[in-house]
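Colleague: Task: produce atomic coordinates for the following.
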Amino acid sequence: MSCSSTQNITGSYRSNFAELGFFSTRIKLKPDNTFEYRFRGDLIFDTATGKYRIDRRKLILTYDPRPIDTSGLSYMRSVGFKLDEPLNLKSDAGLPHVFYIGREKLYGSYQDGKIVRKAVGYSKRKQYLFFGTHYYKRKHYLKRVD
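Modeller: Sure, this is the predicted structure:
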């Protein structure tokens, strides 16, 4: 069952801070119910597209299939490996599928549906005056940027 939201959620959203000091997420929701997803960080970059739908307070993302790199498989076959089974790899594994809609914000969720409230961040300041960790937990969400 799909309900249309009275709230206009189209636009660009990005992480309110870099997780672990490196990783940020950006989602661009378009008026034609398509989206662009970008995740980047320390030597990692991932991008995907697809369609979204709204079910009450949930934003549900369905990713377009991405081509899987099979260049290494031809080498494996040439050296004698037998690959009889077809590839059953999910191209959207590890990508978020559900976000919860807030006021000008999107909140991520775990696989069991619970909202991700906090994430680990990094600061140049120490926890205490002369000692302590640089890492801390703070509220994490994607905020609207336009």
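
Colleague: how about residue 75, secondary structure?
Modeller: Following DSSP: H, G, I helix; E, B strand; the rest coil, we place residue 75 in the helix state.

Colleague: I'd guess residue 113 is in a strand, am I close?
Modeller: No - assigned with three-state DSSP, residue 113 falls outside any strand and is coil.

Colleague: C-alpha coordinates for stretch 52-63, CSV please?
Modeller: Extracted in CSV, the C-alpha atoms of stretch 52-63 (Å, rounded to 0.1, in the frame of the first residue of the first chain):
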residue,chain,number,x,y,z
TYR,A,52,11.7,5.8,-5.0
ARG,A,53,8.3,5.6,-3.5
ILE,A,54,6.8,6.9,-0.3
ASP,A,55,4.9,4.7,2.2
ARG,A,56,3.7,6.9,5.0
ARG,A,57,6.9,8.2,6.7
LYS,A,58,9.2,5.8,4.8
LEU,A,59,11.2,6.6,1.7
ILE,A,60,11.8,3.3,-0.1
LEU,A,61,14.5,3.1,-2.7
THR,A,62,14.6,0.5,-5.5
TYR,A,63,17.9,0.5,-7.4
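
Colleague: And that stretch, what's buried?
Modeller: 52, 54, 58-59, 61, 63 (16 or more other Cβ atoms under 10 Å). For glycine as for every other residue, the C-beta is placed from the backbone atoms N, C-alpha and C.
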